[in-house]
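In: Test case, fold it:
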Amino acid sequence: MAEDDYPLAERAHAALRAEGATLAVAESLTGGLLAAALVDVPGASATFRGSVTAYATGLKASVLGVDEGLLDVHGPVHPVVARQMAEGVRRLLGATYGLATTGVAGPEPQDGQPVGTVHLALAGPGGTLVSSPLLSGGRATIRHGAVTAALELLVGRLAR
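Out: Have a look, this model is predicted:
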């Protein structure tokens, strides 16, 4: 976890507590880093329900409910896949919010998507927000950047 992620994760938990809300996470690209950033905060169990690391494409459909046709046509790196992952984990784990990450960390492009392509989604009572930042750097930098961007998406939504 990048040191910058810790204050963001603290702010996320504080905002969730203030709202009386809970969070579940669905990760692909970040492979558990987002959940790790969240559980590193003392008292995380008050707001963090859990996570699903659906790294294999098939798990996105079978566990999180992502449309198989969408995966067949567009592959796992697509904004609608991120949206469906967030909505699916929210339902599956019974959380107020679902936060999802998918993308290409490298070193090679995937399904025609360049390295650094990232799709994030936050599903909640007010609907689902999707963000698609294009990140640069090596594999670790992109994965950590995706964690930071996901936490920023969450904190930004909760601050409204």
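In: all helices for the protein, in order.
Out: Along the chain, counting by DSSP state H, helices occupy 5-19, 33-39, 57-62, 68-74, 79-93, 139-158.
In: Looking at those helices, which is nearest to residue 51?
Out: When these are compared by Cβ to Cβ, helix 33-39 sits nearest residue 51, at 3.9 Å. To be clear about C-beta, it is placed using only N, CA and C from the backbone, and glycine gets the same treatment.
In: in the chain, which residue is closest to the centre?
Out: residue 100 (2.5 Å; Cα atoms, centre = their mean).
In: can you pull up the bridge partners for it?
Out: Counting by DSSP bridges, residue 100 forms beta bridges with residue 26, residue 121.
In: quick revisit: with respect to residue 105, which of the helices of the chain lies nearest?
Out: Nearest of these to residue 105, taken as Cβ to Cβ: helix 139-158 at 4.5 Å.
In: Can you find the helix or strand in this structure with the smallest mean pLDDT?
Out: Least confident element among the helices and strands of the chain, by mean pLDDT, DSSP states H and E: helix 5-19 (a mean of 92).
In: Can you give me the buried ones in it?
Out: 5, 8, 9, 10, 11, 12, 13, 15, 16 (16 or more other Cβ atoms under 10 Å).
In: rewinding a little: could you tell me the per-residue confidence at the residue nearest to the centre of the chain?
Out: On pLDDT, residue 100 comes in at 98.
In: do residue 159 as well
Out: 84.
In: Hmm, it is touching residue 12, no?
Out: No. At 10.1 Å, residue 159 and residue 12 do not qualify as touching, with contact defined as Cβ atoms under 8 Å.
In: how deep is the closest residue to residue 8 other than its chain neighbours tucked in, by neighbour count?
Out: Distance criterion Cβ to Cβ, 6 or more residues apart in numbering; nearest residue to residue 8, sequence neighbours excluded, is residue 151 at 3.9 Å. A count of nearby residues for residue 151, using other Cβ atoms under 10 Å, gives 24.
In: List the contacts of residue 151.
Out: 5, 8, 9, 12, 34, 37 (Cβ atoms under 8 Å, 6 or more residues apart in numbering).
In: which residues sit in contact with residue 81?
Out: Counted by Cβ under 8 Å, 6+ apart, residue 81 has contacts 60, 66, 70, 71, 74, 75, 102, 119.
In: Buried ones among those residues?
Out: By 16+ other Cβ under 10 Å, the contacts of residue 81 give 60, 66, 70, 71, 74, 75, 102, 119 as buried.
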